[in-house]
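Visitor: Fold the following for me, if possible:
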Amino acid sequence: MNYRYNTSTTFLILAMILFLTLLFVSCTKQEYDIEPRIAEEVYLNIIEDTIEFKYPQGLPSSYIFVDYESDSMQRVFWTSPDSFASTVYGWSELEPVAGMSTYTRPDGTARQGVYIMPEFIGKTLKVVAFTNETAKFNARDSIFIHVQ
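Guide: Numbering: from 1, shown residues only. Below you'll find the model as predicted:
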């Protein structure tokens with residue numbers, strides 16, 4: 001007796017078994033014991049209220065880092081009324097000197113970089129941090145950077 005296996009049928013059967021296995025494994029419900037945080041309990045503290053920054057001469061740009069504290073693994077959003085022009089692929093946009101967001105370390109500490117350029121010498125920059133973009137109750141703090 002000569003048995004011949006059809007490779008396309010064997011492949012189809014193996015593919016169906018793999019698909020059904022993945023379907024049942026990935027659709028299992030997982031429960032986590034996480035307590036929701038109340039917004040009033042979130043805090044945010046930028047370590048210094050004001051920084052005197054001496055701009056390093058001869059450089060086209062520089063950064064200063066702002067240290068802050070908040071809850072463990074807290075997302076902190078950053079903005080500033082002070083901005084600079086950024087050109088990418090021929091498009092020019094104004095970007096705040098501190099933007100985007102950062103997360104704190106498990107111990108609640110973190111730092112954010114603030115972009116400084118020579119045009120800011122003699123000016124005072126304001127940087128604002130907040131813990132939630134849309135919540136009615138969120139923690140806010142700000143810092144002033146005097147560029148010399």
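
Visitor: how about the helices of the protein, start to end?
Guide: Under the criterion DSSP state H, the chain carries helices at the ranges 7-26.

Visitor: residue ranges with poor pLDDT in it?
Guide: Low-confidence segments of the chain (pLDDT under 70): 1-7, 22-41, 133-137.

Visitor: so where do the strands sit in it?
Guide: 44-46, 50-53, 62-70, 75-79, 83-88, 91-96, 101-103, 109-116, 124-130, 140-147 (DSSP state E).

Visitor: So what are the sheet partners of the first one and their directions?
Guide: The pairing partners recorded for strand 44-46 under DSSP bridges are strand 62-70 (antiparallel).

Visitor: what does the strand it pairs with rub up against?
Guide: For strand 62-70, the external contacting residues (CB atoms under 8 Å, 6 or more residues apart in numbering) are 42-48, 51, 53, 55-56, 76, 98, 104, 108-117, 127, 129, 131, 139, 141, 143, 145. Any C-beta I mention is one placed from the backbone N, CA and C, and that applies to glycine too.

Visitor: Report the contact partners of E48.
Guide: Listed by CB under 8 Å, 6+ apart, the contact set of E48 reads V66, D67, I143.

Visitor: Out of those, grab the one that's most surrounded.
Guide: I143 (23 neighbours; other CB atoms under 10 Å).

Visitor: and that residue, how far is that from E93?
Guide: As for I143, its distance to E93 is 24 Å (criterion: CB to CB, to the nearest Å).

Visitor: ok, back up a step: buried subset of the contacts of strand 62-70?
Guide: Neighbour counting by 16 or more other CB atoms under 10 Å classes 42, 44, 46, 51, 53, 55, 76, 98, 104, 110, 112, 114-116, 127, 129, 131, 139, 141, 143, 145 among these as buried.

Visitor: quick one, phi/psi of the closest residue to P106 other than its chain neighbours?
Guide: Nearest residue to P106 in three dimensions, chain neighbours excluded: S72, at 5.2 Å (CB to CB, 6 or more residues apart in numbering). According to degrees, to the nearest 10, the main-chain angles of S72 amount to phi -60, psi 130.
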